[in-house]
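Engineer: Quick one, structure for this:
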Amino acid sequence: MFKKIISIAASAAVVAGVLLAAPAQAAGQSINGSGSSFANNAMQACLAAYTANEVTYTSTGSGTGRSQFAAGTTKFGASDSVYSSGFPTGTYTTVPLFGGPVAFVYTAAGVADGLNLTAQNVSDIYRGVVTKWNDASIKVNNAKIKLPNKTIKVLYRSGSSGTNENIANYLLQNLPGQGWVKSGTWATAIGSGNTVKGTGYATSGDLATAIEDSLNAIAYFDLSDATTTDVSIAKLKNAAGAFVAPTASAAAKFLNAQSFVTGGTDATNGTVTIDFTKSVSGAYQLSILTYGLAPRFVPTATNKVSTDAVKLAVGDFFKYIVGSCIPAKAASLGYVALGGKLKTNALLQIKSIG
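Structural biologist: A predicted model of the protein is given here:
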């Protein structure tokens with residue numbers, strides 16, 4: 001089992017942050033957001049320590065976060081994927097906030113951390129092609145592990161999920177022709193030629209709770225939940241041919257090798273085009289980014305600077321996440337702080353909020 005990286009001291013610090021921050025927050029603006037459950041642990045840690053304004057965040061899944069922001073029921077959204085439809089009315093900006101690895105976790109009887117999986121293994125399990133833990137296709141890269149002759153219980157995200165979309169895109173890029181579709185809804189992501197197997201759960205937190213009670217199961221969610229859940233964590237074969245565990249440092253190597261979009265639309269500007277086939281030594285191949293969604297201020301001849309205090313508060317919170325909170329807390333939480341050009345680009349995007 002991975003060593004649990006969330007210490008009692010760190011947990012106490014977060015609680016203390018909530019208690020100490022409350023009076024200061026009450027004097028500022030009140031802003032609410034929703035979205036990515038992959039990002040929830042990081043968002044909760046940051047809002048607890050943030051004192052300039054009062055912030056609430058609800059883990060709903062990326063799709064709901066995007067739709068609630070577009071409808072104006074929240075002041076900001078968080079999503080692990082960008083809009084493909086249902087765009088907000090008016091202008092908005094898309095800001096990379098932080099990243100992290102998507103971990104494949106399991107409760108195969110007698111199997112500790114470090115089971116080696118390939119993209120093909122993952123695809124076969126979720127398409128129902130492979131149904132037993134001791135299938136020859138899994139055993140070939142796990143010769144020293146005694147795999148149980150047990151049926152694999154498949155668990156997945158049932159809601160509109162950015163994690164789903166990224167996993168499906170990863171499988172689509174690495175295994176073209178096997179039916180995968182880039183979609184946040186698993187029933188669509190698995191493609192028309194495949195049938196959804198297993199049991200679905202709405203959020204990463206729900207999935208983490210469910211797999212703890214399910215022997216011989218497989219699931220996927222953020223590293224932050226994986227390290228605090230009673231599960232084993234798989235290694236994933238990367239494009240360089242190595243089996244790599246989903247650590248924050250391995251995810252950072254992969255994400256920092258990607259390129260971001262400029263000169264595009266509201267939906268794409270500031271986003272990162274992830275090449276899930278890119279060969280990066282020591283990198284964890286299935287690493288993703290969480291984006292913040294916020295109103296964008298467009299200057300005019302008579303109104304050059306935003307004076308909307310609530311919208312500016314969103315920008316201030318995003319700046320705190322990118323510039324202070326995640327750089328300080330990422331390692332203990334299992335996420336990746338933005339670095340280099342990714343961070344510079346994110347801070348430029350934040351300047352447009354208002």
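Engineer: you'd agree residue 306 is up against residue 312?
Structural biologist: Yes - between residue 306 and residue 312 there is a contact under CB atoms under 8 Å: 6.1 Å. (C-beta placed from N, C-alpha, C; glycine too.)
Engineer: so what sits against both of those two?
Structural biologist: 353, 354 (CB atoms under 8 Å, 6 or more residues apart in numbering).
Engineer: Identify the spatial nearest neighbour of residue 101, chain neighbours not counted.
Structural biologist: Nearest residue to residue 101, sequence neighbours excluded (CB to CB, 6 or more residues apart in numbering): residue 246, at 3.6 Å.
Engineer: Are we agreed that the one you found is in a helix?
Structural biologist: No - using DSSP: H, G, I helix; E, B strand; the rest coil, the secondary structure at residue 246 is coil, not a helix.
Engineer: quick one, phi psi at it?
Structural biologist: Dihedral angles of residue 246 (phi, psi; degrees, to the nearest 10) stand at phi -80, psi 80.
Engineer: Contact partners for residue 122?
Structural biologist: 104, 167, 171, 236.
Engineer: so where does it fall, helix or strand?
Structural biologist: Residue 122 belongs to helix 119-127 when assigned by DSSP states H and E.
Engineer: Next SSE downstream of that helix?
Structural biologist: Note on helix 119-127: by DSSP H and E, the next helix or strand toward the C-terminus is helix 136-139.
Engineer: Now do that following helix: everything it contacts.
Structural biologist: 115, 117, 120, 121, 124, 130, 147.
Engineer: Show me which of the residues you listed is closest to residue 76.
Structural biologist: Ranked by distance to residue 76 (CB to CB), the contacts of helix 136-139 are led by residue 117 at 35.1 Å.
Engineer: For that closest one, grab phi and psi.
Structural biologist: phi -130, psi 150.
Engineer: again, but for residue 30
Structural biologist: Residue torsions, per degrees, to the nearest 10, at residue 30 are phi -110, psi 120.
Engineer: Quick check: residue 234 touching residue 103?
Structural biologist: Yes - the criterion here is CB under 8 Å, and residue 234 meets it with residue 103 at 7.3 Å.
Engineer: Neighbour count for these two, which is higher?
Structural biologist: A count of neighbours by other CB atoms under 10 Å puts residue 103 above the other of residue 234 and residue 103, at 28 against 25.
Engineer: Mind checking what secondary structure that one has?
Structural biologist: strand.
Engineer: if I pick it, what's in contact with it?
Structural biologist: So residue 103 contacts 220, 221, 222, 223, 226, 233, 234, 246 (CB under 8 Å, 6+ apart).
Engineer: please redo it, this time with the cut-off set to 7 Å
Structural biologist: By CB atoms under 7 Å, 6 or more residues apart in numbering, residue 103 lies in contact with 220, 221, 223, 226, 233, 246.
Engineer: who's in contact with the last one?
Structural biologist: It stands for residue 246. 101, 103, 223, 233, 236, 284.
Engineer: Name the member of those residues with the most neighbours.
Structural biologist: Going by other CB under 10 Å, residue 101 tops the contacts of residue 246 with 31 neighbours.
Engineer: list the contacts for that one?
Structural biologist: 223, 246, 247, 250, 251, 284, 286, 287.
Engineer: need the residues you listed in CSV with pLDDT, distance to residue 198 and secondary structure, can you?
Structural biologist: Shown next, in CSV, are these (pLDDT from 0 to 100; distance: CB to CB, whole Å; DSSP: H, G, I helix; E, B strand; the rest coil):
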residue, pLDDT, distance to residue 198, secondary structure
223, 96, 22, helix
246, 98, 21, coil
247, 97, 27, coil
250, 97, 27, helix
251, 97, 26, helix
284, 98, 24, coil
286, 98, 19, coil
287, 98, 24, strand
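Engineer: Looking at those residues, which is nearest residue 188?
Structural biologist: residue 286 (19.2 Å).
Engineer: so that closest one makes contact with residue 170?
Structural biologist: Yes - look at residue 286 against residue 170 with CB atoms under 7 Å: they come within range, at 5.2 Å.
Engineer: ok, the two, which is more surrounded?
Structural biologist: residue 286 (27 against 24).
Engineer: Once you drop chain neighbours, what's closest to the more buried one?
Structural biologist: With CB to CB, 6+ apart, the residue lying closest to residue 286 is residue 102, at 4.8 Å.
Engineer: now that neighbour, which residues is it bridged with?
Structural biologist: On the basis of DSSP bridges, residue 102 is bridged to residue 222.
Engineer: Kindly provide the distance from it to residue 59.
Structural biologist: Going from residue 102 to residue 59 by CB to CB, to the nearest Å gives 16 Å.
Engineer: Over to residue 157?
Structural biologist: On the measure of CB to CB, residue 157 and residue 59 end up 12 Å apart.
Engineer: Counting neighbours, go ahead and name the busier of those two.
Structural biologist: Applying other CB under 10 Å to residue 157 and residue 59 shows that residue 157 carries more neighbours, namely 29 against 22.
Engineer: hang on, the more buried one packs against residue 205?
Structural biologist: No - Residue 157 is not in contact with residue 205 according to CB under 7 Å; the separation is 10.9 Å.
Engineer: Mutual contacts of those two, please.
Structural biologist: By CB under 7 Å, 6+ apart, no residue touches both residue 157 and residue 205.
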